[in-house]
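Engineer: What would the 3D arrangement of this be:
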Amino acid sequence: MGRLQASEMARLTDIDTALSWHLQSNHYPPVPLSMVGPCKRAIVAYRAEDYDRAIRLPKGVSYRGSKTAPASAIIEQHHLDAFLTEDTDNA
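Structural biologist: Predicted structure coming up:
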């Protein structure tokens, strides 16, 4: 789902812009922009190899009935693999 485009965006611009574009353009329906922060925190957790870190979700968003989600679930469900390498902009 737009992995090549996401990789290029991650490499060429700041992380907020790249994630905003990715969440809005590479998903149907578009993911709310309120998820940019949790996605950034999930990327940081992934890079620290803390895949189960509980990431707080924005108001009105839940994961299996919880207000938090494991970093790995956010990474997987939002297709963030293009943002996981250190050579992409700081998260």
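
Engineer: For this protein, which segments count as strands?
Structural biologist: For the chain, the strands defined by DSSP state E occupy 54-56, 68-70.

Engineer: is it possible to export those to a markdown table including mean pLDDT, distance to W21 and mean neighbour count?
Structural biologist: Where you see a C-beta, it was placed from the backbone N, CA and C, and this is true even at glycine. Formatted as a markdown table, the strands of the chain follow (pLDDT from 0 to 100; distance: least, CB to CB, whole Å; neighbours: other CB atoms under 10 Å):
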| stretch | mean pLDDT | distance to W21 | mean neighbour count |
| --- | --- | --- | --- |
| strand 54-56 | 98 | 21 | 16 |
| strand 68-70 | 98 | 22 | 19 |
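
Engineer: closest one to R41 among these?
Structural biologist: strand 54-56 (5.0 Å; CB to CB).

Engineer: A18 is nearest to which of the strands of the chain?
Structural biologist: Per CB to CB, nearest to A18 of these: strand 54-56, 18.4 Å.

Engineer: count of neighbours near P30?
Structural biologist: P30: 10 surrounding residues under other CB atoms under 10 Å.

Engineer: how near is it to K40?
Structural biologist: 18 Å (CB to CB, to the nearest Å).

Engineer: related to what we said a few turns ago, can I get the strands of the chain in JSON lines with distance to D16?
Structural biologist: Formatted as JSON lines, the strands of the chain follow (distance: least, CB to CB, whole Å):
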{"stretch": "strand 54-56", "distance to D16": "16"}
{"stretch": "strand 68-70", "distance to D16": "20"}
